[in-house]
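Q: Need coordinates for the below:
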Amino acid sequence: MKLNFSIKSLAIATVMGFGIVTPSVADDDETPLAKQMDTVSGSLKGLRKAETTADKVALVQAAQKGSLKSLEYLPVIFKDVKDPKELAKGTADYKRLVGMSYVALCELELAFIAEDEAKADEILGKLKDLKKEGHNAYTD
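A: Next up, the predicted model:
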């Protein structure tokens, strides 16, 4: 069996598999996780004003970095989960959503490089759906 991994796939697998994951317990707006998610959100909002392909790609790459960095933390909601099995299930699902978001961000980067605005709009819709799913599941 031959496996092909891209550098980005390897990076996300490494972060997901070996990263230290800790619940963020400060005020929700001040947690390290919230800061990373603000980076992602701010970068995506910045796309509205970005004029060049290079500007759009740079913003998406900033969002990608914030997305990967967010895997080092868990949502505050996990601090009260005492059952190890439930915590493992929730953590895995959280990482799944962040991973899917990261993949969508990579697809968005490719769409901008190809200057395919229709594809970019489609991917931005997918990212909004993932954000909604994550916020419904992991915010109080």
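
Q: can you tell me how far the residue nearest to the spatial centre of the chain sits from K85?
A: Centroid-nearest residue in the chain, with CA atoms, centre = their mean: S67, separated by 3.4 Å. Distance, S67 to K85, using CB to CB, to the nearest Å: 27 Å. Just so you know, the C-beta spots here come from the backbone N, C-alpha and C atoms, and that holds for glycine as well.

Q: Please go through this protein and pick out the longest helix.
A: helix 84-113 (DSSP state H).

Q: Can you name every helix or strand that the helix or strand following that helix contacts?
A: Using DSSP states H and E, the helix or strand that follows helix 84-113 in sequence is helix 117-138. Using 3 or more CB pairs under 8 Å, 6 or more residues apart in numbering; DSSP states H and E as the contact test, the elements touching helix 117-138 are helix 84-113.

Q: What average pLDDT does the helix it packs on get?
A: The pLDDT scores in helix 84-113 average 96.

Q: circling back to that earlier point, is it fair to say the residue nearest to the centre of the chain lies in a helix?
A: Yes - S67: assigned to a helix according to DSSP: H, G, I helix; E, B strand; the rest coil.

Q: now it, nearest residue through space, not along the chain?
A: Sequence neighbours aside, Y102 is the residue nearest to S67 in space, at 4.7 Å (criterion: CB to CB, 6 or more residues apart in numbering).

Q: What distance do you get for the one you found to K85?
A: Counting by CB to CB, the gap from Y102 to K85 is 26 Å.

Q: In contact with the nearest residue to L108 once chain neighbours are set aside, which residues?
A: The spatial neighbour of L108 that comes closest, neighbours along the chain excluded (CB to CB, 6+ apart), is I123 at 4.5 Å. Neighbouring residues of I123 by CB atoms under 8 Å, 6 or more residues apart in numbering: 104, 107-108, 111.

Q: Put the buried members of these into a PyMOL selection.
A: With 16 or more other CB atoms under 10 Å as the criterion, this PyMOL line picks the buried residues out of the contacts of I123:
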select buried, resi 104+107+108+111
